[in-house]
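Trainee: Fold the following.
(one chain, ligands or ions: 2)
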Amino acid sequence: MANLIHSQVDLHKDFGGVVPELAARDHLERLPHLLDLAFKGAGVAANDVDLIAVTRGPGLAGCLLVGVGVAEGLSASWSVPVTGVNHLWGHIYAAMLSRPDLEPPLLGLVVSGAHSDLVSMPEHGRFEVIGRTRDDAAGEAFDKAARMLGLGYPGGPALDRLARTGDASRQPLPKPSLPGLEYSFSGLKTALLYRLRDLGESVTPQDKADLAASFERSVVESLLEKLHLALEATPTAEVVVCGGVAANTLLRERAAEVVGSRARLTMPPLDLCTDNAAMIAAAGYFSSPPRGEAEPAPIEVNPSLGWDS
Ligand code: KG4
Ligand code: ZN
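Mentor: Numbering: from 1, shown residues only. Ligands and ions are numbered 1, 2, ... in the order given. As a prediction, the model looks like this:
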């Protein structure tokens, strides 16, 4: 009914990345006003709320604590139950917002700033990791490559835009390939670094666009190669590709081609791929314990939470 984001890009961009302390303080300052705006936008009041869902991890400890503190405060003052949600589950549940008839079992590729995970979801609230990265996550690799290319912060979307004007075949980079369902992006990152070093001062804007296109192609083809393998090994009717990196133009195009007619592919719209509150509401709605069986308070914040709970 309402899905609002207060972007912190301006707050962090001079630092070239997220400053945890500033992020947490800004959450505290912005959340109450955002809540007011959300209620106004949705045309509802506090007594229309049945359940409060809040991210309990993974993420930055300070930000998680602010969110959980606000949620528990609201829960106490409104006498409404509150449930702690796994951020990673949220990315998968974003797909169910855009496709209400989507049901597990499904195969998910979750690609964000900190994760590149292939997961099998047999039923609501159950996830099994079948593939992951050995080093950098896909989003992290895009952000670092963008920085090397002088694109600033946030890097992923800027690299995507630049890649649209480049030609990958003019600056080929290796496609990472590990056995099984494992990813690795650190070698590719080093390959880009060396190529830029070799080009030195003579690097042109077109070279940079070609390198952006090539880097993007290597990451995307590697992500989809493992998705293809997972789908071959365990045919599944529903495939979800989600997380911030699923906003990438080439990944969206190529995922549709790679999955083809083997399964139905759901990629949330761009604003539900990158972090948002609606996906946390959806995850809370589908996976919280039945009403009446209140969760033990207080909610346990876990900055390094995995997929299991
Ligand atoms: O899921 P998300 O919003 O936050 C995390 O949970 O990490 O993902 C953020 C990541 C960042 O690394 C960002 O650069 C990347 O997603 N990203 C993109 C694009 N949009 C966001 N990467 C490539 N192309 C994009 N269009
Ligand atoms: Zn995320």
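
Trainee: need the strands for the chain, in chain order.
Mentor: Along the chain, counting by DSSP state E, strands occupy 52-57, 82-86, 106-111, 116-123, 126-131, 238-242, 264-266.

Trainee: Minimum distance to ligand 1: which of those has it?
Mentor: Judged by CB to the nearest ligand atom, the one of the strands of the chain that comes nearest to ligand 1 is strand 106-111, at 7.4 Å. Where you see a C-beta, it was placed from the backbone N, CA and C, and this is true even at glycine.

Trainee: Report the buried residues of stretch 175-195.
Mentor: By neighbour count on 16 or more other CB atoms under 10 Å, the buried set for stretch 175-195 is 176, 181, 182, 183, 184, 185, 187, 188, 189, 191, 192, 195.

Trainee: before we move on, the earlier item: make CSV out of the strands of the chain and add mean pLDDT and mean neighbour count.
Mentor: Formatted as CSV, the strands of the chain follow (pLDDT from 0 to 100; neighbours: other CB atoms under 10 Å):
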stretch, mean pLDDT, mean neighbour count
strand 52-57, 97, 24
strand 82-86, 96, 25
strand 106-111, 98, 26
strand 116-123, 98, 20
strand 126-131, 98, 17
strand 238-242, 98, 25
strand 264-266, 98, 18
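
Trainee: Mind putting these into TSV with distance to ligand 1?
Mentor: Formatted as TSV, the strands of the chain follow (distance: least, CB to the nearest ligand atom, whole Å):
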stretch	distance to ligand 1
strand 52-57	10
strand 82-86	12
strand 106-111	7
strand 116-123	11
strand 126-131	16
strand 238-242	8
strand 264-266	16
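
Trainee: Tell me which of those lies nearest to residue 275.
Mentor: Proximity to residue 275 (CB to CB) singles out strand 52-57 among these, at 9.0 Å.

Trainee: what's the closest one in contact with?
Mentor: Residues outside strand 52-57 that contact it (CB atoms under 8 Å, 6 or more residues apart in numbering) are 64, 67-68, 70-71, 74-75, 78, 80-87, 90, 280-281, 283-285, 288, 299-305.

Trainee: Emit the PyMOL select command for whichever of those are buried.
Mentor: Applying 16+ other CB under 10 Å to these, the buried members can be selected in PyMOL as follows:
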select buried, resi 64+67+68+70+71+74+75+80+81+82+83+84+85+86+87+90+280+281+283+284+285+288+299+301+302+305
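
Trainee: In helices, which of the contacts of strand 52-57 fall?
Mentor: Under the assignment DSSP state H, those contribute 64, 67-68, 70-71, 74-75, 78, 87, 90, 280-281, 283-285 to helices.

Trainee: Nearest to ligand 1 among those?
Mentor: residue 87 (6.4 Å).

Trainee: Excluding residues flanking it in the chain, which one is nearest the closest one?
Mentor: residue 55 (4.9 Å; CB to CB, 6 or more residues apart in numbering).

Trainee: and if you look at residue 259?
Mentor: residue 265 (4.4 Å).

Trainee: how near is that neighbour to residue 186?
Mentor: 28 Å (CB to CB, to the nearest Å).

Trainee: Residue 167 now?
Mentor: For residue 167, the distance to residue 186 - CB to CB - is 25 Å.

Trainee: Write out the residues of the stretch 51-200 of the chain neighbouring ligand 1.
Mentor: Counting by CB under 6 Å from any ligand atom, the positions of the stretch 51-200 of the chain adjacent to ligand 1 are 112, 113, 114, 139, 142, 143, 154, 155, 156, 157, 160.

Trainee: again, only using 8 Å
Mentor: Counting by CB under 8 Å from any ligand atom, the positions of the stretch 51-200 of the chain adjacent to ligand 1 are 59, 87, 91, 111-115, 137-140, 142-143, 146, 154-157, 159-160.

Trainee: Now do the same contact list for whichever residue of the stretch 201-309 of the chain sits closest to ligand 1.
Mentor: Residue nearest to ligand 1 within the stretch 201-309 of the chain: residue 244 (2.0 Å; CB to the nearest ligand atom). Counting by CB under 8 Å, 6+ apart, residue 244 makes contact with 111, 112, 113, 139, 156, 273, 274, 275.

Trainee: at 7 Å instead, please
Mentor: By CB atoms under 7 Å, 6 or more residues apart in numbering, residue 244 lies in contact with 112, 113, 139, 156, 273, 274, 275.

Trainee: pull the longest helix from the chain.
Mentor: The chain, longest helix under DSSP H: helix 205-233.
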